[in-house]
Every structure is written in structure tokens, then in C-alpha cells.
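In: Fold the following, please.
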Amino acid sequence: MLKTIKYFGLATVVLLLIILSISTFAQSPSKRQSSYSPVVITETFESIMARDKAEKPKVMKQHMDLLNERYELSKRVTTEVTMSRGKPLPVGPTAKLKPGLTWDKLAQMSPEEIKGKDLFPYRPLPHPKHEAGGMLFSKTQIDQFPRLARFDVDFDLPDHFLPEFPPAIYLTTRPDLGDVSQGKVVTIDNYYELFNGILNPKQLEGLRLLLTQFPQQQFNATEDRKSEKPSLGVACFDCHVNGHTSAATHLLGDIRPQESRIRIDTPSLRGVNIQRLFGSKRALKTIEDFTEFEQRAAYFDGDPVIATKKGVNILERGSQVHFMAEFESILNFPPASKLKIDGTLDTKKATPSEMRGQQIFFGKGTCGTCHPAPYYTDNSMHDLKEERFYSPKKINGQLIRAIGPIKTFPLRGIKDSPTYLHDGRLLTLEDTVEFFNLILELKLTEQEKKDLVAFMRAL
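Out: Coordinates of the predicted model:
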């Protein structure tokens, strides 16, 4: 070492040591999480399952403690307005405020004050097992289709907050038929009986593919699956039941590391024919892109290496993807008897509260800026900058942070699609109004908020 210093000079040696240390740090795998999931699993499936089952009660308790801290989860519903097939709507707001605080007092505060006092009630919602993530289905759906059960974690939200199961199906091509589901969950076993003679051959084949199970990250045949038995996988219409939504949840595949990933609530496929962006965060540009890349990417957490291992099914773009998109594109919004052809309320049919709500929606509430009639979407992405209201913090495995732009979803038929926002953190329409009253600093009165909810229920 002394000879080296003498030959090169002290300053040069110090510089070489710094470069060496930086290089070592940059190459050290322990300093940064890999973008890739482990491919070679050295532990047996039986061992993995036993450990996950043993840890499950602790995992679920930690998550449900968080939900009960944030929300009032007891059943509060109304039958004054129901979903399309008669399920009562959940009523809120459900978010809990700090003792002594009211929604009106909170709305009078600035974002900086709310952030400084840690009062924001609608922080991002983690996956029930955020460190693992993956597709997760409700108990109602699992009771009918046990193959969708996971042994490591359960779905978290009570059934009264979820869309009706099964949902109705409306077709743009045959509005005269009304709900064509006949009250059934459409499956590979009954689709032909239900739709032969209603769909053309391309649409019928597209529907068959949408109902076909293909391998997915948690549901497959490998030792790192989360289904107890080897699985054929999941179908597109497991999450998008009857072309709508089952409220299945997942984590967005586009983000790394794991703690920064965002929970996503399955959006409805109703009305995709009028949409020009798909995916709550990805902004895919066509329904064909959405159909193809959901299976290639989202099914496997955005990891093509794992996809190859578990059995990704590469769909042929010119026929299979095209046929699937052909069927998806005729899924219609539910009928809305109080709306005129321009999407606004018919004054002869609407209640005074609904009419006042419409005025607020397009006026003081500024909702119509991003949700213009007739379909109540601007087909764009917007950044709500909600990080103005809270500081970054890790909660139950998720880093609560700036979210960035999200898609403007259509509000037609919105009463059929709880929960709301991209991650489902807004359990009711009342929660949605309270959230945007804070985010947009609207300072709506209590009556204005009630009227706004009444209007959205009529859409």
C-alpha cells in the first residue's frame, strides 16, 4: 500500500478508493430491490403454503385493524335507489374523522393545515397483503367459484360495499333485450346457450376467450402459486364478471419497488366503446391493447420472465384479440330513465334534489370539467396532486406517496360500480363527494353534497 501511495500519489489513491467503493455500492444487490421476481424457487410448495397459512391470521388482522381505524364498515344501505338488478346502495360517508372534527370543519382547512395535522381521511388503500399483492376475489365470488380462493390472504371489503353479483349485461347492439344475463354469471359452461343467436360468430368466439382460464401469477401450476391446487388460471371475466366488475383487487404492475405499487380496483367494461384510454394508470390507447397486454403484463405483475415460467398465453392479434375486443365493445351502460339523449336530466322526470345536484355538478362542483355529458368522461388523465394533504409514510407494506395522473372514468351507471377511485378507497358515493370536496377545495354545503349524490345516482 505504501509503495502504491508513493507511486501514484496520495490524492490519486484516495480517488481510486472512492471510485472502487461507489462501484461496489452500485453493484451490491443488497442495496436495491431487484425489478424481477425470483424464478427458481428452492422451497417446496407444501412448505410455502404451510407458512402462508400460519401467517394469514396475522396478515388479515393487521389489515382489518387498518380498515376499521379508517372506516365505519357496518352495513348502511338505501333502497330508495338500487343497482340495476336491485341490490341496495351503500350509504356513507364511511371514513372516520379525528375526534371533535366534522366534515365542514375539515373542508375549511387548507391542504397544508390538513397535512400538518395529519387529518386527511382518504389516504391510498393498501392491498390486504401488499408485500405479495396479486389478484384477490370477494368471498361472494369464491363461494360460487372456489378455484379463485387463495390460501395466504382474504378479500377485505364487506359485501354490502361491492357491486351486485352477478351484474346485469346490456348490449349496444340489442338494447331491446334489456338485461341479457338472465340473472346468471356467464361462464364457459353457459355462454353458448345464453348468446347463440344474439352475437355474431366473431363476438361469440371473443366471449369464449374472455371466459377461458389462462395462467396468472397467483393461479397456475408452479410451486409459487397461491391456489391450493394447481390451477388453469383466471379468465378475463373473473375480474370483469359479466363484462362489468366483481370488485376484484390487484396491484398495478408498472411500478417498482413493491412498496411503491398501487392497489387497483377492477373497472367496469361497460361503455368501453366510447372510451379512448384504458387502465386506471397505464393509459393504453385501444381496447385491443388493453385486452392483449392485460394478459401479457398485468396477469404476471409486469414481469415477462415469470410469465414465461408460469405459462403466459400469447393471443393472436388479428383474430383472437380482435374477437375479444369485438365483444367488449358492445357492452353498454345500464339504462338511465331520467336522462335525455344529451346525457342531462329530463326536468319532467328528475327530482328537485337531482336537478340541484346537476347544477352543482356542472357549476360550483366543477365535476363536469373532467366528466362532461353524455358519458361523463373526458377520456384523459389527471393528476389530483393529493400528496398536498399527507406526508410520505409506509403503512402496512405500502409507501403512501404522490400518485400521479389517473384516468377519468365514465360516471354513467356509476351507482352500479362501488367502490370508487382507482384503488377503491372511496367506499360510497358520499365518500367520493367528500374526497373531491377536499381535493378541489370546493367548500360545498351539506345540502349541496346530498344533491350531488342524488344526481350521480341518476346517471
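In: And the strands in the stretch 201-350 of the chain?
Out: Ranges of strands in the stretch 201-350 of the chain, per DSSP state E, counting those that start in this stretch, are 249-251, 263-265.
In: Pull up the pairing partners for the last one, direction included.
Out: Which is strand 263-265. strand 249-251 (antiparallel) (DSSP bridges).
In: Give me the mean pLDDT for the strand it pairs with.
Out: Mean per-residue pLDDT for strand 249-251: 96.
In: List the contacts of stretch 304-316.
Out: 36-37, 39, 209, 214-217, 220-222, 225, 233, 291-292, 295-297, 299-300, 321, 324 (CB atoms under 8 Å, 6 or more residues apart in numbering). In short, each C-beta sits where N, CA and C put it, glycine included.
In: can you tell me which of these are in helices?
Out: Members of the contacts of stretch 304-316 lying in helices (criterion: DSSP state H): 209, 291-292, 295-296, 324.
In: and which of those is nearest to D238?
Out: Q295 (12.1 Å; CB to CB).
In: Touching, that closest one and Q213? I think so.
Out: No: at 11.2 Å, Q295 and Q213 do not qualify as touching, with contact defined as CB atoms under 8 Å.
In: Tell me which of those two has more neighbours.
Out: Each of Q295 and Q213 has its neighbours counted (other CB atoms under 10 Å); Q295 has more, 24 against 17.
In: Now do the same for the more buried one: its pLDDT.
Out: Note on Q295: pLDDT of 81.
In: residues contacting it?
Out: Q295 sits next to 214, 236, 312-313, 315 when contact means CB under 8 Å, 6+ apart.
In: Neighbour-wise, which one of the residues you listed leads?
Out: C236 (22 neighbours).
In: re earlier: what's the closest of the strands of the stretch 201-350 of the chain to A107?
Out: strand 263-265 (25.1 Å).
In: Now L89: phi and psi?
Out: With angles defined as degrees, to the nearest 10, L89 sits at phi -80, psi 140.
In: number of nearby residues for it?
Out: Neighbour tally, L89, other CB under 10 Å: 23.
In: Could you do K450 as well?
Out: Close neighbours of K450, defined as other CB under 10 Å, add up to 16.
In: now it: how far from P126?
Out: Here the criterion is CB to CB, to the nearest Å. By it, K450 lies 31 Å from P126.
In: what's the answer for G311, then?
Out: Taking CB to CB, one finds G311 at 29 Å from P126.
In: Quick check, central residue of this protein?
Out: D265 (1.7 Å; CA atoms, centre = their mean).
In: If that one is in a bridge, with which residues?
Out: So, taking DSSP bridges as the rule, D265 has T249 as bridge partners.
In: Surely it is in contact with L427?
Out: No: taking CB under 8 Å as the definition, D265 is not a contact partner of L427, at 10.8 Å.
In: Would you mind grabbing the residues shared as contacts by those two?
Out: The contact lists of D265 and L427 share 419-420, where a contact means CB under 8 Å, 6+ apart.
In: Verify the contact between F45 and E223 for me.
Out: Yes: shown here, F45 and E223 form a contact pair, counting by CB under 8 Å, at 4.0 Å.
In: how near is N313 to T212?
Out: Remark: distance between N313 and T212 (CB to CB) = 9 Å.
In: What's the local residue count around F161?
Out: Residues near F161, counting by other CB under 10 Å: 23.
In: OK, contacts around it?
Out: Counting by CB under 8 Å, 6+ apart, F161 has contacts 73, 90, 418-419, 427-428.
In: same question, L125
Out: Neighbouring residues of L125 by CB under 8 Å, 6+ apart: 263, 423-425.
In: Repeat the analysis, applying 6 Å as the threshold.
Out: 263, 423, 425 (CB atoms under 6 Å, 6 or more residues apart in numbering).
In: picking that back up, just give me the closest of the contacts of Q295 to P334.
Out: Among the contacts of Q295, and counting by CB to CB, the member closest to P334 is C236, at 20.4 Å.
In: Quickly note the distance from that closest one to T377.
Out: 22 Å.
In: so the residue nearest to the centre of the chain touches L426, yeah?
Out: No: applying CB atoms under 6 Å, one finds D265 not in contact with L426, separated by 9.6 Å.
In: okay, and the common contacts of these two?
Out: Jointly contacting D265 and L426 under the rule CB under 6 Å, 6+ apart is no residue at all.
In: What segments of the stretch 51-200 of the chain are strands?
Out: 77-82, 88-90.
In: Turn those strands into JSON lines, including mean pLDDT and distance to E205.
Out: Rendered in JSON lines, the data for the strands of the stretch 51-200 of the chain read as follows (pLDDT from 0 to 100; distance: least, CB to CB, whole Å):
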{"stretch": "strand 77-82", "mean pLDDT": "95", "distance to E205": "34"}
{"stretch": "strand 88-90", "mean pLDDT": "98", "distance to E205": "36"}
